[in-house]
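Trainee: No letters, just coordinates:
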């Protein structure tokens, strides 16, 4: 078994010039470290089956869930249930870094709204 980090994880781009690194990419579980530049974010969407937990490592996230905006900072997190429309953006003045855990994985389960 090998340790995993951003340096050796599978990388992809998402949203508005944001980065993601697959730390765990399994059929039943996904753990991704993500990076969002200042002023950037994603389109509002929901997942039909996947539930997610967002955990902020550094920076400030504005996570809108079902029309309510939540401000999350380092070492805070929030659960998003399947079917809940949400979007995340960087709400601060530094790069936002966070972990998103999805079960089952959310790729292919996204519906933009």
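Mentor: Cool, the structure landed. What you are looking at is a predicted structure, and each value in this text was computed from that prediction instead of being measured.
Trainee: Look up phi and psi at residue 47.
Mentor: Residue 47 adopts backbone torsions of phi -120, psi 130, taken as degrees, to the nearest 10.
Trainee: per-residue pLDDT, it?
Mentor: On pLDDT, residue 47 comes in at 98.
Trainee: show me the contacts for it.
Mentor: Neighbour list for residue 47: 82-83, 102, 106, 109-111 [criterion: CB atoms under 8 Å, 6 or more residues apart in numbering]. For every residue, glycine as well, the C-beta is placed using N, CA and C.
Trainee: 6 Å instead, please
Mentor: Residue 47 is in contact with 82, 106, 109-110, counting by CB atoms under 6 Å, 6 or more residues apart in numbering.
Trainee: out of those, which are buried?
Mentor: Buried members of these, scored by 16 or more other CB atoms under 10 Å, are residue 106.
Trainee: Of the contacts of residue 47, which is the nearest to residue 30?
Mentor: Closest approach to residue 30 among the contacts of residue 47 (CB to CB): residue 106, at 6.6 Å.
Trainee: Can you tell me, leaving aside adjacent residues, what's nearest to the closest one?
Mentor: Of all residues not flanking residue 106 in the chain, residue 50 sits nearest, at 3.9 Å (CB to CB, 6 or more residues apart in numbering).
Trainee: wait, isn't that neighbour in contact with residue 102?
Mentor: Yes - using CB atoms under 6 Å, residue 50 is in contact with residue 102, at 4.7 Å.
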